[in-house]
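**Q** The following block contains a protein sequence and its predicted model.
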Amino acid sequence: MHELSLAGGIVRLVEDAAERERFSRVRVLHLEAGALAGVEVRALRFALEAITPGTCLEHARIDIDEVPATAWCLGCNLAVPIMSRVDACPECGSVKLQPTGGTELRVVDLLVDDGVPVASSPAALT
C-alpha cells in the first residue's frame with residue numbers, strides 16, 4: 001500500500017514545519033488529493049491515523065478534499081473535466097488529452113497550537 005509511504009512523507013513534512021515554525025501540535029490537517037494522483041483517500045486516511053500517535057499530528061482532525069481532474073483536449077482545444085487518464089473528451093470524443101490538474105497530493109494548510117500558554121486576565125488572579 002503506497003498510501004503508507006505517502007502518509008509517512010506527510011508526517012515528516014509536518015514535523016519539519018513544526019520544528020521550523022515552533023508549533024507543538026496540529027489540530028487540523030487539510031489535504032487535497034487530485035482524482036489522477038493515484039491515491040486511495042480512505043487508505044491514506046487510515047495510514048495517517050495509524051502512524052500519527054506520538055507525533056505532532058496525534059489527535060489531529062484530517063480533512064482530505066478530492067479534487068476533480070482537468071485536461072486540455074488537443075482535438076477541440078478546450079479545457080475539459082475528466083475522471084481518469086483514459087477518458088475521452090466529453091466535447092469532441094478525442095482521446096488526445098493532456099492532464100492539467102488533479103494530479104497532485106498536497107498539504108493545503110494546518111491549524112496548529114503554538115505551545116504558548118494563554119495568559120490569565122488580571123481579574124482571574126485575585
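**A** The structure has been received and is ready for your questions. Numbers count the residues shown, from 1 in each chain.

**Q** quick one: contacts for G8?
**A** By CB atoms under 8 Å, 6 or more residues apart in numbering, G8 lies in contact with I51. C-beta: built from backbone N, CA, C; applies to glycine.

**Q** ok, 10 Å please
**A** By CB atoms under 10 Å, 6 or more residues apart in numbering, the residues touching G8 are 47-48, 51.

**Q** what does E40 give?
**A** Here E40 is in contact with 1-3, 6, 33, 46-47 (criterion: CB under 10 Å, 6+ apart).

**Q** Let me have these in JSON lines, extended by neighbour count.
**A** Below are these laid out as JSON lines (neighbours: other CB atoms under 10 Å):
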{"residue": "M1", "neighbour count": "11"}
{"residue": "H2", "neighbour count": "12"}
{"residue": "E3", "neighbour count": "20"}
{"residue": "L6", "neighbour count": "21"}
{"residue": "A33", "neighbour count": "22"}
{"residue": "F46", "neighbour count": "15"}
{"residue": "A47", "neighbour count": "21"}
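
**Q** Out of the residues you listed, list just those in strands.
**A** A33 (DSSP state E).

**Q** Just flag the most distant two among the contacts of E40.
**A** Greatest spacing in the contacts of E40, by CB to CB: M1 and A33 (14.8 Å).

**Q** So for the helix or strand containing E15, mean pLDDT?
**A** Using DSSP states H and E, E15 sits within helix 2-21. On average, the pLDDT along helix 2-21 is 96.
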